[in-house]
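# What would the 3D arrangement of this be:
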Amino acid sequence: MARGVRIGDALLINTPGTPHLYVAIAEFPDDDEYLFVNLTTLRPNSERCCILRPGPDLPRFVKHESAIAYRHARKVSIALFLGQVVPGSQVPYDTFPMHAVQQIQQGGLQSRLLNRGYKRALKGYLDGLT
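Below you'll find the predicted structure:
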């Protein structure tokens with residue numbers, strides 16, 4: 001992957017309002033694109049197909065129950081995405097262990113809020129791994 005970003009890496013991205021953490025969950029080398037999903041604080045209206053709880057095996061920023069906001073997923077080139085990294089933030093900000101990445105990927109397949117095209121792309125990516 002370009003610039004050392006790998007599946008599971010979390011990047012702190014500038015978004016309107018405040019920066020948000022995005023996690024790389026699929027790679028599409030033919031298109032030079034990657035699928036990133038947003039990690040956010042668990043709220044009553046959060047989609048619940050992937051909830052992460054703090055633990056010694058998760059990145060340090062998972063300090064409370066968090067959800068993946070699949071509706072904010074982005075499939076973009078890594079160069080474009082890296083251009084949105086918060087100035088001064090290390091790349092990667094941190095990295096998820098493979099079991100957590102797999103949980104996030106499976107949640108994407110179950111999500112009703114993940115864009116259908118992204119869901120097809122994720123399924124194709126995962127099918128290509130087996």
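# What number of residues are in the vicinity of residue 109?
Neighbour count of residue 109, defined by other C-beta atoms under 10 Å: 13. For the C-beta atoms, the positions are set from N, CA and C on the backbone; glycine is no exception.
# cool, residue 86 as well?
16.
# quick one, longest strand in this protein?
Taking DSSP state E as the criterion, the chain has its longest strand at strand 66-77.
# CA atoms only for that one, dumped as CSV, please.
Provided in CSV are the C-alpha atoms of strand 66-77 (Å, rounded to 0.1, in the frame of the first residue of the first chain):
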residue,chain,number,x,y,z
SER,A,66,-17.6,3.0,20.0
ALA,A,67,-19.6,2.2,16.9
ILE,A,68,-18.6,2.1,13.2
ALA,A,69,-20.7,4.7,11.3
TYR,A,70,-20.9,2.9,8.0
ARG,A,71,-23.1,5.6,6.5
HIS,A,72,-20.0,7.8,6.5
ALA,A,73,-17.8,5.3,4.7
ARG,A,74,-15.5,6.6,1.9
LYS,A,75,-14.0,4.8,-1.0
VAL,A,76,-11.2,7.1,-2.2
SER,A,77,-7.6,7.1,-3.4
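# what's downstream of the helix or strand of the chain with the lowest mean pLDDT, the next helix or strand?
Counting by mean pLDDT, DSSP states H and E, the chain has its least confident helix or strand at helix 78-82, which shows a mean of 85. Using DSSP states H and E, the helix or strand that follows helix 78-82 in sequence is strand 94-95.
# Can you show me the helices along this structure?
78-82, 98-110, 116-129 (DSSP state H).
# how about stretch 116-130: buried residues?
Within stretch 116-130, the residues that qualify as buried are 118, 119, 121, 122, 125, 126, counting by 16 or more other C-beta atoms under 10 Å.
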